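Asks: from the sequence below, what's the structure:
(one chain, ligands or ions: 1)
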Amino acid sequence: MGNIKKVVALILISAMLMVGCSSAPANVSSNESPADTTASSEETFVIRAGIGLNDQHPQYKGLEVMKEYVERESNGRIEMQLFHSSQLGDDIQMMESLQLGSQEITAPSSAPVSSIDKRFMIFDLPFLFPTEEIASDLLDGELGQELLDGLAEHGLIGLAYWENGYRHLTNNVREVRTPADMEGLKIRTMENQVHLDFFRALGANPTPMPFGELFTAMQQGVVDGQENPVPTIYLQNYPEVQKYTSLTGHVYSPFVLLMSKIFWDGLPADLQEIVQEGAIVARDEERRINREYTAELVGGLREKGMTVSELTMDELKLFQDATKPTIEKFKDEIGAEYVEKVLEEIEKLTEASK
Ligand code: TK8
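Replies: Next up is the predicted model:
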């Protein structure tokens, strides 16, 4: 019965469409295109955006800003639905959903994006970016854009870089001030070869796993520690299961705001523009909030009972020296020429900022 109804409905719809087509040209002069825009302007689109972090994190606030922007600017032709806390899957699964066209937006750290394009490993090289501003300038410039553009052949549209931030080490065993203190610590890392390599170089025992499994793994003692930026450590309640934070700042993680290419290709050009603009407007706001939270929440970690260690220049240098071989090791895999260009540009930006 249901099928017959469907068939009847289809026949009726086709008949209506045919009537529509045959009557339309009467009102339209021959070289003007008929009102295309009416057809597309009535079509509405739903964007499901999913992330791994919870709804307290600046990344989620950024998505709220983007939602507000695209829904307003599109006059409701786009609806954005937001999902957090890995409700739609972990970073790698959500990127796959985008490639298949079953989810529209996600924003992983750059580290898991390297499973799609190895060049993304560059941002995980230890101690690469001297400041957040230099990171933003490079990412928003030509060299950052080059990597975003490269994603199209993998079924993804790179809309913008947002900020996760400088990553710091936490653990539950002892205060870490030097690589020697890391000996044997079981540390959860992101699923990325560069991270595995330099945590080994530091003497730790790195265990890659998806972000969504991390809290339980710490709670149950499957790992001794992890590394993430201050807002994540605080807002994901890690002080409940971790005692020590060391402000190592060993890697600056960007988020890569991704859209499904299948979905993007089906969007009218004016809506593509609104989505792209919304991603940039929200990026600036997300970075602002993230930096504000980062500054405030170091104190918050102490209030929650963590021992937070700021390292001296000499102590930090021990981490830098121990992880340096990683850069040489991965240079060819990332692409030596690209690595050189990025290092040169960072040097230029550093000089200019002095
Ligand atoms: C969130 C992740 C997370 C990242 C990690 O989905 O896995 O540690 O820093 O924030 O992208």
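
Asks: per-residue confidence for the nearest residue to Phe263 once chain neighbours are set aside?
Replies: In space, and not counting its chain neighbours, Phe263 is closest to Glu104: 4.7 Å by CB to CB, 6 or more residues apart in numbering. To be clear about C-beta, it is placed using only N, CA and C from the backbone, and glycine gets the same treatment. For Glu104, the model assigns a pLDDT of 99.

Asks: burial count for Glu104?
Replies: 24 (other CB atoms under 10 Å).

Asks: now swap in Ala269 and tell me
Replies: The local packing of Ala269 (other CB under 10 Å) involves 8 other residues.

Asks: show me where pLDDT drops low in the chain?
Replies: Filtered on pLDDT under 70, the chain yields the residue ranges 1-41.

Asks: now do the helices in it.
Replies: 2-23, 36-42, 58-73, 91-100, 110-113, 132-140, 142-150, 193-201, 214-219, 230-235, 261-265, 269-303, 313-334, 336-352 (DSSP state H).

Asks: so for Tyr252, which of the ones you listed sits nearest?
Replies: helix 132-140 (5.0 Å; CB to CB).

Asks: quick check, the residue in the stretch 51-200 of the chain closest to the ligand?
Replies: In the stretch 51-200 of the chain, the residue that lies nearest the ligand is Gly52 (2.1 Å; CB to the nearest ligand atom).

Asks: how about that residue: what's its closest non-neighbour residue?
Replies: Nearest non-adjacent residue to Gly52 (CB to CB, 6+ apart): Phe211, at 4.4 Å.

Asks: distance check, the one you found against the ligand.
Replies: 4 Å (CB to the nearest ligand atom, to the nearest Å).

Asks: do Ser253 as well
Replies: 6 Å.

Asks: quickly list what that residue is bridged to.
Replies: Gly165 (DSSP bridges).

Asks: ok, it - contacts?
Replies: By CB atoms under 8 Å, 6 or more residues apart in numbering, the contact list for Ser253 reads Ser109, Ser110, Ala111, Phe123, Asp124, Asn164, Gly165, Tyr166, Arg167, Pro229.

Asks: only the buried subset of these, as a ChimeraX command please.
Replies: In ChimeraX, this line selects whichever of the contacts of Ser253 come out buried by 16 or more other CB atoms under 10 Å:
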select :109,110,111,123,124,164,165,166,167,229
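
Asks: keep only the contacts of Ser253 that also lie close to the ligand.
Replies: Ser109, Asn164 (CB under 6 Å from any ligand atom).

Asks: and this structure, which of its residues are near the ligand?
Replies: Counting by CB under 6 Å from any ligand atom, the chain sits next to the ligand at Ile51, Gly52, Leu53, Asp91, Pro108, Ser109, Asn164, Met190, Phe211, Asn228, Thr232, Ser253.

Asks: how many neighbours does the fourth one have?
Replies: One way to gauge burial is a neighbour count; for Asp91, by other CB under 10 Å, it gives 27.

Asks: right, and it touches Gly52 too?
Replies: Yes: counting by CB atoms under 8 Å, Asp91 touches Gly52, with 5.8 Å between them.

Asks: find residues that contact each of the two.
Replies: Joint contacts of Asp91 and Gly52 (CB under 8 Å, 6+ apart) are Pro108, Pro210, Phe211.

Asks: just among these, which is most surrounded?
Replies: Neighbour max across these (other CB under 10 Å) = Pro108, 26 neighbours.

Asks: give me phi/psi at that residue?
Replies: Main-chain torsions, Pro108, degrees, to the nearest 10: phi -70, psi 160.

Asks: what's the closest non-adjacent residue to it?
Replies: Closest to Pro108 by CB to CB, 6+ apart is Asp91, at 3.6 Å.

Asks: same question for Pro325.
Replies: Distances taken as CB to CB, 6+ apart put Ala201 closest to Pro325, at 6.4 Å, once the chain neighbours are dropped.

Asks: what count of nearby residues applies to that neighbour?
Replies: 18.

Asks: residues contacting it?
Replies: Ala322, Thr323, Pro325, Thr326.

Asks: restricted to buried residues, select these in ChimeraX.
Replies: Buried residues among the contacts of Ala201 (16+ other CB under 10 Å), as a ChimeraX selection:
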select :322,323,326
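
Asks: can you report how many residues neighbour the nearest residue to Val70 once chain neighbours are set aside?
Replies: Once flanking residues are discounted, Val70 sits nearest to Gly278: 4.3 Å by CB to CB, 6+ apart. Residues lying near Gly278 (other CB under 10 Å) number 27.

Asks: contacts only, for Gly278.
Replies: Per CB under 8 Å, 6+ apart, neighbours of Gly278: Met66, Tyr69, Val70, Glu73.

Asks: by neighbours, which of the residues you listed wins?
Replies: Met66 (30 neighbours).

Asks: let me see the contact set for that one.
Replies: Ala49, Met80, Gly278, Ala279, Val281, Ala282.

Asks: nearest to Ser97 among these?
Replies: Ala49 (11.5 Å).

Asks: beta partners of that closest one?
Replies: Beta-bridge partners, per DSSP bridges, of Ala49: Leu82, Ile105.

Asks: quick check: it vs Asp270, distance?
Replies: 20 Å (CB to CB, to the nearest Å).

Asks: same question for Glu337.
Replies: Counting by CB to CB, the gap from Glu337 to Asp270 is 37 Å.

Asks: of these two, who's got more company?
Replies: Asp270 (13 against 9).

Asks: once you drop chain neighbours, what's closest to Arg302?
Replies: Val308 (5.4 Å).

Asks: contacting residues for that neighbour?
Replies: So Val308 contacts Thr245, Leu247, Val298, Leu301, Arg302 (CB under 8 Å, 6+ apart).
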